[in-house]
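Participant: fold the following for me, if possible:
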Amino acid sequence: MRSSLKPIYLVLGLAGACSLVNKFDPVNDVPAAGGTGGSAGASSGAGGEAGIGASSATGGTSTGGTGGTIAEGGAAGDNGSNGGTPIKNGVVVVATTTGTGATAKHFVVLLDPTTGGEIARTQTTLTVLALAYEAARDKWFVFTGTPGQSGDATGPLLVGTMNSAGFDVEQTVLVAKPTNQNTVAILNQRILYRSAFNTTEDTLTLLDTSSAVKAIGKLTIPYKYSIVSSVGRPASGSTAGGRVFFLHQNFNDAIDNCVAPDAGSEQACSVYYSSLNILATDKNLTLPPATISTVAQLDLDGSFAALAIQSGSSSNTVAVVVPPRRIINANATIFRYNAGTGAVAPAGPVSFSLDTPGKKIDPTASISIAAVALDPCNDLAFAGELANTGLLYAVPIGAAAGTVAAFDPQSKGGTVGNAIYEPYTKTLIHYINDVTNPSLSGFQMTGTATVPAVTLRGKAGALPWMIPNGLVPLIVAAKNPDDPPCN
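Facilitator: Below you'll find the model as predicted:
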């Protein structure tokens, strides 16, 4: 049954920050009056404190305090402890690069999700291409290499743990480079990711990460079903493998994908969904065409959809969020699937309007869902429309009907970038990896599963957000445990 959701709209204030080169200074909070979001026309205020600097991997130490400067960390080492202590709760990991050309330096920066302050950083030799976290073993996988498909086809994969001193690298192995962050699916002791694509097919590499990392197989997907993104749901317990979910969309395949529209006269393109269960014994994989199903059609104008998964239980949700076709209405649709089986959720899709009193969909421009993240505890989906409305939306997707909260992403360019959900502090993290106008904002969820409320981190009524000045977030990831902290 399709749910119709009544929207509420929030307006959030932005605190500015200066930019420094090769030094990440904590942002000082400026208290201001204001209430939390959650009802029509509500606004937010400010507050917070500085974070803590800590030693980095195998190089010099870094120190810091309120308003202090955090020096550059050391380089990532191999097979040696960095002397740090475990991080028991949440951690936000940011890949960044400072400088350009011969002076460029690449880092993995650890942030404390309760303050946004820097814990430590570790330098990597090459650009970070993708980040992945395996909850069952508390392992982080950092893919590095030269960006793009040209040049080297391989790059170092760094495997280890994040602790108070930074990234403690336990293993380094040369693997095929991932094409991008959105096509890396993490499973128990396995990673499946796209390592190449062309006008014939997508090639995905399957890694065995149970001990010494090694490539054990691959999956090829026809060009018609080119992958937009993929996510993984690890198998239960310590069993290797799990289920991978794919979103397929190919605007360049005009013969098969972009066909006569289901409404109106403008040409439309199909979006597809599929899932594949990967067992511990699987190596060379196949994705049968019968498992690929059509989700919806999009306008042939650059519009695109997005995919996300709730961490935790196998009964949780995988969501494909599709923007509306302009000829039809302003309602985006969330298509829900079971994270354990990949089957369509029996309750059916959820629709919500992208229109707000202050911003209406422009019918002459493309409509795209740039970001999706899911709250594993409250059955909330967070979706962002790229630039037509340029807003973020908190959408209830549980059994009970609810209201939608629309809010400004606080980006310098006024557009929506990427989003992840940090479960320990119940924070939606929105970021834009634009070197000229970077953005890294936190939005604390303070309402309920049916009436979501949103407060900008660093404002009154929310936790502080002391992110380092000058931090350009190329990729951001958060620790998401198998048993989410839902208290």
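Participant: how far off centre is stretch 320-333?
Facilitator: Chain-centre distance of stretch 320-333: 22 Å, with C-alpha atoms, centre = their mean, to the nearest Å.
Participant: average pLDDT across that stretch?
Facilitator: Averaged over stretch 320-333, pLDDT sits at 93.
Participant: go on, stretch 456-473?
Facilitator: Stretch 456-473 shows a mean pLDDT of 95.
Participant: can you give me the end-to-end distance of that stretch?
Facilitator: One end of stretch 456-473 sits 18 Å from the other (C-alpha to C-alpha, to the nearest Å).
Participant: do the same with stretch 417-435
Facilitator: End to end - C-alpha to C-alpha - stretch 417-435 spans 13 Å.
Participant: if you count neighbours, what's buried in it?
Facilitator: 417-434 (16 or more other C-beta atoms under 10 Å). Glycine gets a C-beta too; all of them are placed from N, C-alpha and C.
Participant: and if you look at stretch 141-150?
Facilitator: Result for stretch 141-150 [16+ other C-beta under 10 Å]: buried residues Phe141, Val142, Phe143, Thr144, Gly145, Pro147.
Participant: for Phe246, give me its contacts.
Facilitator: By C-beta atoms under 8 Å, 6 or more residues apart in numbering, the contact list for Phe246 reads Ile221, Tyr225, Ile227, Ser229, Ser230, Tyr272, Tyr273, Ser274, Ser275, Leu276, Leu287, Leu307.
Participant: can you tell me how far the fifth one is from Ile278?
Facilitator: By that I understand Ser230. Plainly put, Ser230 is 12 Å away from Ile278 if you go by C-beta to C-beta, to the nearest Å.
Participant: which neighbours do these two share?
Facilitator: With C-beta under 8 Å, 6+ apart as the test, Ser230 and Ile278 both reach Leu192, Val244.
Participant: Gly398 - how many residues pack around it?
Facilitator: For Gly398, the count of nearby residues is 16 (other C-beta atoms under 10 Å).
Participant: ugh, wrong one, I meant Pro289
Facilitator: Pro289: 10 surrounding residues under other C-beta under 10 Å.
Participant: isn't there a helix covering Leu276?
Facilitator: No: going by DSSP: H, G, I helix; E, B strand; the rest coil, the assignment for Leu276 is strand, not a helix.
Participant: Thr403: neighbour count?
Facilitator: As a burial measure, Thr403 scores 20 neighbours (other C-beta under 10 Å).
Participant: who does it bridge with?
Facilitator: Lys6 (DSSP bridges).
Participant: so it is in contact with Ala453, correct?
Facilitator: No: in this structure, Thr403 is not within contact of Ala453 by C-beta atoms under 8 Å, at 10.1 Å.
Participant: tell me which element Tyr431 is part of?
Facilitator: strand 427-432 (DSSP states H and E).
Participant: repeat that for Tyr393.
Facilitator: Using DSSP H and E, Tyr393 falls in strand 392-396.
Participant: which residues sit against that strand?
Facilitator: Against strand 392-396 from outside (C-beta under 8 Å, 6+ apart): 5, 7, 332, 334, 350, 352, 354, 371, 379-385, 402-409, 416, 419, 428, 430, 443, 445, 449-450, 452, 454.
Participant: please name the strands paired to that strand in the sheet, noting orientation.
Facilitator: strand 380-385 (antiparallel), strand 403-407 (antiparallel).
Participant: tabulate the ones you listed (CSV), appending mean pLDDT and distance to Gly302.
Facilitator: As requested, the strands paired with strand 392-396 are exported to CSV (pLDDT from 0 to 100; distance: least, C-beta to C-beta, whole Å):
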stretch, mean pLDDT, distance to Gly302
strand 380-385, 98, 13
strand 403-407, 97, 22
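Participant: only alpha carbons, please: show the strand holding Tyr393 as CSV.
Facilitator: In CSV, the C-alpha atoms belonging to strand 392-396 read as follows (Å, rounded to 0.1, in the frame of the first residue of the first chain):
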residue,chain,number,x,y,z
LEU,A,392,17.3,17.2,2.4
TYR,A,393,14.2,15.3,3.5
ALA,A,394,13.6,13.1,6.6
VAL,A,395,11.0,10.6,5.6
PRO,A,396,9.3,8.0,7.8
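Participant: for the stretch 151-300 of the chain, give me the ranges with low pLDDT.
Facilitator: Flagging of the stretch 151-300 of the chain using pLDDT under 70 yields the residue ranges 261-265.
Participant: strands along that one, start to end?
Facilitator: Here the stretch 151-300 of the chain has its strands, by DSSP state E, counting those that start in this stretch, at 154-163, 166-176, 184-187, 190-197, 201-208, 214-222, 227-234, 242-249, 258-259, 268-278, 293-299.
Participant: packing partners for the last one?
Facilitator: What it means is strand 293-299. strand 268-278, strand 317-322, strand 331-338 (3 or more C-beta pairs under 8 Å, 6 or more residues apart in numbering; DSSP states H and E).
Participant: so which of those gets nearest Val92?
Facilitator: For Val92, the closest of the helices and strands packed on strand 293-299 is strand 317-322, at 22.0 Å, according to C-beta to C-beta.
Participant: list the helices and strands that closest one packs on?
Facilitator: When contacts are defined as 3+ C-beta pairs under 8 Å, 6+ apart, strand 317-322 packs onto strand 268-278, strand 293-299, strand 306-309, strand 331-338, strand 369-375, strand 380-385.
Participant: the third one pairs with which strands, parallel or anti?
Facilitator: Neighbouring strands of strand 306-309 in its sheet, by DSSP bridges, are strand 317-322 (antiparallel).
Participant: one more: the second one?
Facilitator: Taking DSSP bridges as the criterion, strand 293-299 pairs within the sheet with strand 268-278 (antiparallel).
Participant: just the C-alpha atoms of the partner strand, please, in PDB.
Facilitator: What follows is strand 268-278, C-alpha atoms only, in PDB (Å, rounded to 0.1, in the frame of the first residue of the first chain):
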ATOM      1  CA  ALA A 268      12.400   8.200 -20.400                       C
ATOM      2  CA  CYS A 269      15.000   5.700 -19.100                       C
ATOM      3  CA  SER A 270      14.500   2.700 -16.900                       C
ATOM      4  CA  VAL A 271      16.000   2.200 -13.400                       C
ATOM      5  CA  TYR A 272      16.600  -1.400 -12.300                       C
ATOM      6  CA  TYR A 273      17.200  -3.200  -9.000                       C
ATOM      7  CA  SER A 274      18.700  -6.600  -8.200                       C
ATOM      8  CA  SER A 275      20.300  -8.600  -5.400                       C
ATOM      9  CA  LEU A 276      22.800 -11.400  -5.200                       C
ATOM     10  CA  ASN A 277      23.500 -13.700  -2.300                       C
ATOM     11  CA  ILE A 278      27.200 -14.600  -2.000                       C
END
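Participant: quickly list what Val454 is bridged to.
Facilitator: Met445.
Participant: my read: it touches Thr446, true?
Facilitator: Yes: using C-beta under 8 Å, Val454 is in contact with Thr446, at 7.2 Å.
Participant: neighbour count winner among those two?
Facilitator: Val454 (26 against 15).
Participant: could you check how far that one is from Tyr393?
Facilitator: 10 Å.
Participant: what is in contact with those two at once?
Facilitator: Common neighbours of Val454 and Tyr393 (C-beta under 8 Å, 6+ apart) are Ala405, Phe407.
Participant: show me the contacts for His198.
Facilitator: No His there; residue 198 is Asn. Asn198 touches Tyr223, counting by C-beta under 8 Å, 6+ apart.
Participant: so it versus Phe246, what's the distance?
Facilitator: 18 Å.
Participant: I am finished for the moment; much appreciated.
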